[in-house]
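Trainee: with the sequence up front, the predicted model follows.
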Amino acid sequence: MCRTLSAFPTNCLERAKEFKTRLGIFLHKSELGSGTGSVGKFEWDSKHSKEGRNFSEDVLGWRESFDLLLSSKNGVAAFHAFLKTEFSEENLEFWLACEEFRKLRSATKLASRAHRIFEEFICSEAPKEVNIDHETRELTRTNLQTPTAMCFDVAQGKTRTLMEKDSYPRFLKSPAYRDLAAQAAAASASASPSERSHT
């Protein structure tokens, strides 16, 4: 055991393992049926502790705002797993694809990826067609004539709003999230101040 983990009391480590297991079970169904690569897979990492937040705080933060959920790698994985159970994961996948698209700097890659995203999510009868209105679809089609990093902004914004107002409240009410949040709250309440300072 590394020195950092050995400083924690045994019961704290056991709780952390239990949280990881519970979230893994929550996401297990998604992982089995996922063909989307890293979007559908839960990847446990120590990023949350580097940011000064432990896993319990991360889980509890998801109910504070949709932005906190989307800014958490674990939150995105849990939300994606939930959306798969509702057969509406295409909304989050489109939103994530747009986030990655904005990071592109090469004009060639930008044009190529823009057309791929449009064909996968926007055009009529797309394999993962998102629910947007005709005007937004046509505006996006027009934007593709000269693709920029912002050509999907309107469609992405409408999809995000739909998730925030529709899917996100159902996610927070889901038994899997409520159970996970209850355990996170119990762990946070039982942790002493000295234990919290080690995370």
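Mentor: Alright, I've got the coordinates.

Trainee: okay, and for this structure, where does confidence drop off?
Mentor: Regions of the chain meeting the criterion pLDDT under 70 cover residues 1-53, 191-199.

Trainee: show me where it has helices.
Mentor: 3-6, 10-33, 47-50, 55-61, 66-71, 73-85, 89-102, 107-117, 134-143, 153-162, 168-173, 175-190, 193-197 (DSSP state H).

Trainee: okay, now the residue lying closest to residue 59 once chain neighbours are set aside: neighbour count?
Mentor: Nearest residue to residue 59 in three dimensions, chain neighbours excluded: residue 184, at 4.1 Å (CB to CB, 6 or more residues apart in numbering). For glycine as for every other residue, the C-beta is placed from the backbone atoms N, C-alpha and C. Using other CB atoms under 10 Å, residue 184 has 24 neighbouring residues.

Trainee: distance of residue 184 from residue 177?
Mentor: 10 Å (CB to CB, to the nearest Å).

Trainee: what does residue 135 give?
Mentor: Using CB to CB, residue 135 is found at 34 Å from residue 177.

Trainee: which of those two has more neighbours?
Mentor: A direct count of neighbours by other CB under 10 Å for residue 135 and residue 177 places residue 177 higher, at 20 against 9.

Trainee: how about the contacts made by the more buried one?
Mentor: By CB atoms under 8 Å, 6 or more residues apart in numbering, the residues touching residue 177 are 26, 62, 78, 82, 171.

Trainee: need the max-distance pair from the residues you listed.
Mentor: Farthest-apart pair in the contacts of residue 177 is 26 and 62; separation 12.3 Å (CB to CB).

Trainee: the more surrounded of these two?
Mentor: residue 62 (25 against 20).

Trainee: for residue 150, phi and psi?
Mentor: Main-chain torsions, residue 150, degrees, to the nearest 10: phi -110, psi 10.

Trainee: count the residues that sit near it.
Mentor: Residue 150 has 12 neighbours, counted by other CB under 10 Å.

Trainee: same question, the one 4 residues further on
Mentor: Other residues within reach of residue 154 by the criterion other CB under 10 Å amount to 16.

Trainee: now do the contacts for it.
Mentor: Residue 154 makes contact with 136, 139, 140, according to CB under 8 Å, 6+ apart.

Trainee: let's see it at 10 Å
Mentor: 132, 135, 136, 137, 139, 140, 143 (CB atoms under 10 Å, 6 or more residues apart in numbering).

Trainee: how much space between it and residue 62?
Mentor: Distance of residue 154 to residue 62, computed by CB to CB: 26 Å.

Trainee: next one: residue 160
Mentor: 16 Å.

Trainee: and the gap between the residue nearest to residue 133 when sequence neighbours are not counted and residue 93?
Mentor: Counting by CB to CB, 6+ apart, residue 133 lies nearest to residue 158, which is 7.5 Å off, once chain neighbours are set aside. When distance is defined by CB to CB, residue 158 is 15 Å away from residue 93.

Trainee: neighbour-wise, which of the two wins?
Mentor: The neighbour comparison of residue 158 against residue 93 (other CB under 10 Å) goes to residue 93, with 20 against 16.
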